[in-house]
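K.L.:
Only the shape, not the letters, is given here:
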């Protein structure tokens, strides 16, 4: 049985999952959290599902070896490609990340909602199943958003090129007649203010990071795995890419107004199943 004092593990292809980390840390300030950004393999959205599954398995194994009591797959694409397999392979609870289609379907007045997603998520079977489950009574339009997550990963939250992309994708939302836009990539959470500004008052924008954090609370409750302390949780940041760059992007997110928790950066080396190695300085 897992130790309640063990950390929560969390991973994404880059900084996008920090949106879920922020919300989880806000609700559970006494929990230790180990966050892995698989930046050397970013973006997951352009990779085949088998490769994403390999990466998710490698990272989950590392988190389990570090004693994680629960693992948050803080990435829509990785959830779609890997979470079902991860639950079969590892004896640890998982919380995945999905586009907030259910609340979007509940809030629409026009009967039409839009999902802004990465190209890989748009092609995934999990999204198709989600639409079948929650979108049966509304018209769901999926809008792939190439290059948008890359802008966030580079810390270009206020760049003119980022706004141009956002404007074009919001125009597609407006053209299809949707009055609710669900953000289907964790990276997009950091662009929510810009997206809402471009969308105007006629389109409601929602994203799932707060819901992910609430699910983490529910799972810990059910398994009696809450840490005994109410504050002082430690956050560790690891990346398969360049640790200095990862820390710099986190700093830019803070400057932009994101409440990214302060934490320690640790180097890591992963020996992969195919015999290759990636390391962070």
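P.N.:
Happy to help now that I have it. Worth saying up front: this structure is predicted, and the values here are computed from it rather than measured.
K.L.:
how many other residues sit next to residue 265?
P.N.:
Using other Cβ atoms under 10 Å, residue 265 has 14 other residues around it. All C-beta spots, glycine's among them, are computed from the backbone N, C-alpha and C.
K.L.:
Quick check, pLDDT for it.
P.N.:
pLDDT, residue 265: 92.
K.L.:
what's the answer for residue 123, then?
P.N.:
72.
K.L.:
How many residues are close by it?
P.N.:
Other residues close to residue 123 by other Cβ under 10 Å number 17.
K.L.:
what residue ranges in the stretch 51-200 of the chain score low on pLDDT?
P.N.:
124, 126, 134-135 (pLDDT under 70).
K.L.:
And the helices in it?
P.N.:
76-89, 101-107, 119-123, 125-134, 148-153, 160-175, 192-199 (DSSP state H, counting those that start in this stretch).
K.L.:
quick one, which of those helices is nearest to residue 261?
P.N.:
helix 148-153 (17.9 Å; Cβ to Cβ).
K.L.:
distance between the closest one and the chain's centre?
P.N.:
13 Å (Cα atoms, centre = their mean, to the nearest Å).
K.L.:
by contact count, what packs against that helix?
P.N.:
Using 3 or more Cβ pairs under 8 Å, 6 or more residues apart in numbering; DSSP states H and E, the elements in contact with helix 148-153 are helix 160-175.
K.L.:
buried sites along the helix it packs on?
P.N.:
162-163, 165-166, 169-170, 173-174 (16 or more other Cβ atoms under 10 Å).
K.L.:
so who does residue 252 touch?
P.N.:
Residue 252 is in contact with 155, 157, counting by Cβ atoms under 8 Å, 6 or more residues apart in numbering.
K.L.:
what about it, is that helix, strand or coil?
P.N.:
Secondary structure assignment for residue 252 (DSSP: H, G, I helix; E, B strand; the rest coil): helix.
K.L.:
I'd like to know how far it sits from residue 183.
P.N.:
20 Å (Cβ to Cβ, to the nearest Å).
K.L.:
what's the answer for residue 153, then?
P.N.:
Residue 153 is 15 Å from residue 183, by Cβ to Cβ.
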